[in-house]
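# Let me see the structure of the following:
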Amino acid sequence: MAKCGLCSTKKGKRYCSPLDKVICPICCAQNRLTKVDCNEECRHLEGVNFQQKRLEDRRFSELMSSMGDGQYDDIFQEPAVAIMAFEVESLVRDAYLSGNIRITDNVIYEAYKMLYEIRFQERQIEESRLDEITRNLLEQYETNSPAWKANMAEEMIGQVYLRLMISVRKMTGGRMGNYGYLNYLKNNLGQSLSDEEFVVEDKFGNRRRRKINQ
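Numbering: from 1, shown residues only. Have a look, this model is predicted:
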């Protein structure tokens, strides 16, 4: 068997199309996605992508665990936050009810996460690689964020998306499966908030309207 095209010491076992060489598994692991511009469809990236996904999920779990979502520290109790959350979730509800976009709780969770990464972690990603609901949420952000920023800090706006991700995690599963959160939106966001109302959520994921002066 031919020697590795990179280290020239070990046996080459994997053909690397960007290098047009047969390389050993160790050189593959050490150079992929860093010194080698790997093809997305390369089967040797499957484990890498899985590990990256696990690291991303762990990082977002840590971000969400730092968020208050209890009876007394839930950011949804802030009127400006509740109004923004209502606007975001209304967009999701309308997309779900229209049936024009096939979405599930997991799709929405990933859309909130992607928006947070793009707008608050400066992740660069081509628009053509985004699904439709994520593009719609990004368009809403661009349109509504000036008004949101007039009422709260930009950091808090990012925290709203994290808090919505917590809501998805709480509500998905059970009898409704991967549509628990979406069915909650369908059944509970049927009417718009008045200027004197906001929504609060308890530790069980139940929400109710409250008057600002209550």
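
# Measure how far the helix or strand that contains Gln30 is from the centre of its chain, please.
Counting by DSSP states H and E, the element that carries Gln30 is helix 25-31. Distance of helix 25-31 from its chain centroid, counting by C-alpha atoms, centre = their mean, to the nearest Å, is 30 Å.

# domain ranges for the protein?
Domain assignment of the chain by automatic domain parsing yields the ranges 1-47, 66-211.

# Need the winner for burial among these.
domain 66-211 (a mean of 16; mean count of other C-beta atoms under 10 Å). For every residue, glycine as well, the C-beta is placed using N, CA and C.

# and it, average pLDDT?
For domain 66-211, the mean per-residue pLDDT is 84.

# now swap in stretch 40-48 and tell me
The average pLDDT within stretch 40-48 is 75.

# Just the residues contacting that stretch, thanks.
With contact meaning C-beta atoms under 8 Å, 6 or more residues apart in numbering, stretch 40-48 is reached by 14, 17, 28, 32-33, 38.

# Which among the domains of the chain is found nearest to Phe60?
domain 66-211 (6.1 Å; C-beta to C-beta).

# does Ile26 really touch Thr9, like I thought?
No: with contacts counted by C-beta atoms under 8 Å, Ile26 stays clear of Thr9, the gap being 9.6 Å.

# ranges for the strands of the protein?
Using DSSP state E, the strands of the chain run over residues 14-16, 21-23, 197-201, 207-211.

# wait, what's in contact with the most centrally placed residue in the chain?
In the chain, the residue lying closest to the centroid (C-alpha atoms, centre = their mean) is Lys113, at 1.5 Å. Listed by C-beta under 8 Å, 6+ apart, the contact set of Lys113 reads 60, 161, 165.

# Run through the helices of this structure in chain order.
For the chain, the helices defined by DSSP state H occupy 25-31, 46-65, 79-98, 105-120, 132-151, 154-171, 180-188.
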